[in-house]
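Student: give the three-dimensional model of this entry:
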Amino acid sequence: MRLIPSLVLGLVTAVSGPTKEAPTVPLAAGMTKSAIAEIDQAIGIELEPKVAAFDPKLDTPKRLVTVGGRVIALPNGCRTVSHKFDLVVHFHGAPSSLEPAFERSDIDAAFVILNLGIGSGRYDEAFRYPGSFDAMLQRTRMALHELCPTAVDDIGRIALSAWSAGYGAVFRILDHEKDAARVDAVLLADGLHADFEPGGAFEHRIAVEQIAPFVTFADEAVAGKRLFAITHSSIMTTYASTTQTTDFLLAQENVQRLPVNAPPPRPGMIPRSRGDAGNFHVMGFAGDDERAHCDHLHAYGDTLLPYLKERWH
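Tutor: The predicted structure is shown next:
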């Protein structure tokens, strides 16, 4: 195999050659595990980083349900929060569906689920006032210390996700400039709604102020600075439906919605269309009933979390 002598020579030159700045890109970058293992064996140098031995205090999955019903989960245990950690906050939805999906995603982050009741108004009100988001983050830190006494307080990237009425919390957080600046990603599962302008229902004129924070975030996602991924059903409502709000966003970003023919993420959940630009993604599905709406929650791990995993990994 001619690759091996070349690699050995390259390593010798890098170690013992004339003074030369060391490469900043590791030799193993971009290699498959099998390729790394083959070269390890040939040259007797380990390229693959060592994996820490399992520690039950650090690596056992942790879960806490607070008095208010907030669920905090660490699928990878306390090791996740032993250093600066990422955080995913999901609004509205059954933990029995969300937690296994997040665990399967293999995203190394703390996962918080907040259920505040029926209707987007509950979620909007909870984060209406400045400082509400900071207070929620501080309560999360306190809960993490309860789970893991050695947890740090340093939160890195933050992703907000929501199903159905939970979008009200995301709207209000993004509506506060300081809070929006902390959010790296937004994932919405069939839950982006808005009112029509007064007298504009017949023309389907969406109340712009109720969708403006999402337009700003979509601008950032198209530019590659953030991640914004949305799935929606074909349910029509008396207010702006998820189809109409996503059509509005796509038009604002000058992104064309294209028909698709792809396998369903769940039986009966038929993909119909999609629009993509940069890190902005809209996926439209058939279905106009309650079951179709619930499918977007249950498919969360197959439709939305892969985008976050790709960005954060």
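
Student: show me where this protein has strands.
Tutor: Ranges of strands within the chain are 62-65, 71-74, 85-91, 110-114, 155-163, 183-189, 227-232, 258-259, 271-277, 280-285, based on DSSP state E.

Student: would you format the ones you listed as CSV with mean pLDDT, distance to Ala292 and mean neighbour count included?
Tutor: Every residue, glycine included, has its C-beta placed from N, CA and C. Shown next, in CSV, are the strands of the chain (pLDDT from 0 to 100; distance: least, Cβ to Cβ, whole Å; neighbours: other Cβ atoms under 10 Å):
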stretch, mean pLDDT, distance to Ala292, mean neighbour count
strand 62-65, 96, 29, 16
strand 71-74, 98, 25, 22
strand 85-91, 98, 20, 24
strand 110-114, 98, 22, 24
strand 155-163, 98, 13, 22
strand 183-189, 98, 12, 25
strand 227-232, 98, 10, 26
strand 258-259, 98, 18, 10
strand 271-277, 98, 11, 18
strand 280-285, 98, 7, 24
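
Student: got those as CSV, with distance to His204 columns?
Tutor: Formatted as CSV, those follow (distance: least, Cβ to Cβ, whole Å):
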stretch, distance to His204
strand 62-65, 42
strand 71-74, 37
strand 85-91, 26
strand 110-114, 31
strand 155-163, 23
strand 183-189, 20
strand 227-232, 15
strand 258-259, 21
strand 271-277, 18
strand 280-285, 17
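
Student: so which of those strands comes closest to Asp134?
Tutor: When the strands of the chain are compared by Cβ to Cβ, strand 155-163 sits nearest Asp134, at 10.9 Å.

Student: in its sheet, what does that closest one sit against?
Tutor: Applying DSSP bridges, strand 155-163 is found paired with strand 85-91 (parallel), strand 183-189 (parallel).

Student: the last one versus strand 280-285: what angle between them?
Tutor: On the basis of axes from the mean of the first three to the mean of the last three Cα atoms, to 10 degrees, strand 183-189 is oriented at 10 degrees to strand 280-285.

Student: what angle sits between strand 183-189 and strand 227-232?
Tutor: 10 degrees.

Student: ditto for the first one
Tutor: Between strand 85-91 and strand 227-232, the angle formed by their directions is 30 degrees, by the same axes, to 10 degrees.

Student: tell me where this protein has helices.
Tutor: For the chain, the helices defined by DSSP state H cover 3-16, 33-43, 56-59, 95-105, 120-126, 132-147, 167-175, 177-180, 212-222, 242-252, 290-298, 300-303, 305-312.

Student: weakest of these in terms of mean pLDDT?
Tutor: Mean pLDDT is lowest for helix 3-16 among the helices of the chain, at a mean of 38.

Student: count of neighbours near Pro264?
Tutor: By the measure other Cβ atoms under 10 Å, the count of residues near Pro264 is 14.

Student: surely it touches Met283?
Tutor: No: in this structure, Pro264 is not within contact of Met283 by Cβ atoms under 8 Å, at 11.5 Å.

Student: give me the common contacts of the two.
Tutor: Common neighbours of Pro264 and Met283 are listed as Pro271 (criterion: Cβ atoms under 8 Å, 6 or more residues apart in numbering).
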